[in-house]
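J.: Need coordinates for the following:
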Amino acid sequence: MKKSGKGGSRTATGLHFERGKDILSLLSQAKGYSVKGNVIYYFGQEVARSYRKHGLYKFLESKV
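T.: Predicted coordinates for the structure are as follows:
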């Protein structure tokens, strides 16, 4: 923890931004990107997957 800090109130703007923005919707609007479910494509080629909350753990459990 940072000593003599200004407090945590500065994170409020970040939380407000996160509530209004979703990375998948932003990417789907970007040139060359498309999103289907949780899969992110760049010019038709899968480049990433996005998981919310405990979605990654559920995905990993399904692979065992």
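J.: Which parts of the chain are strands?
T.: Listed in chain order, the strands of the chain (DSSP state E) span 33-36, 39-42, 45-49.
J.: Tell me where this protein is predicted with low confidence.
T.: In the predicted model, the chain carries pLDDT under 70 at residues 1-21.
J.: where's I40 relative to I23, distance?
T.: Here I40 is placed at a distance of 9 Å from I23 (Cβ to Cβ, to the nearest Å). C-beta here means a position set from N, CA and C on the backbone, and glycine is covered the same way.
J.: circling back to that earlier point, would you turn the strands of the chain into CSV with distance to L60 and mean neighbour count?
T.: As requested, the strands of the chain are exported to CSV (distance: least, Cβ to Cβ, whole Å; neighbours: other Cβ atoms under 10 Å):
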stretch, distance to L60, mean neighbour count
strand 33-36, 21, 14
strand 39-42, 16, 15
strand 45-49, 12, 11
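J.: Quick one, which of these gets closest to F59.
T.: Relative to F59, the nearest member of the strands of the chain by Cβ to Cβ is strand 45-49, separated by 7.9 Å.
J.: With distance to L56 as extra columns, can I get the strands of the chain in a markdown table?
T.: Shown next, in a markdown table, are these (distance: least, Cβ to Cβ, whole Å):
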| stretch | distance to L56 |
| --- | --- |
| strand 33-36 | 17 |
| strand 39-42 | 14 |
| strand 45-49 | 9 |
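J.: Please identify which of the ones you listed is closest to Y57.
T.: Nearest to Y57 among the strands of the chain is strand 45-49 (13.5 Å), distances taken as Cβ to Cβ.
J.: May I have the phi/psi pair for K31?
T.: phi -60, psi 130 (degrees, to the nearest 10).
J.: swap in G37?
T.: When read as degrees, to the nearest 10, the backbone of G37 gives phi 70, psi -120.
J.: What's the local residue count around it?
T.: Number of residues near G37 (other Cβ atoms under 10 Å) recorded here: 8.
J.: before we move on, the earlier item: can you list residues touching both of I40 and I23?
T.: Residues touching both I40 and I23 by Cβ atoms under 8 Å, 6 or more residues apart in numbering: S50.
J.: can you pull out the helices in this structure?
T.: 11-20, 23-29, 55-62 (DSSP state H).
J.: Please consider this matter closed, and thank you.
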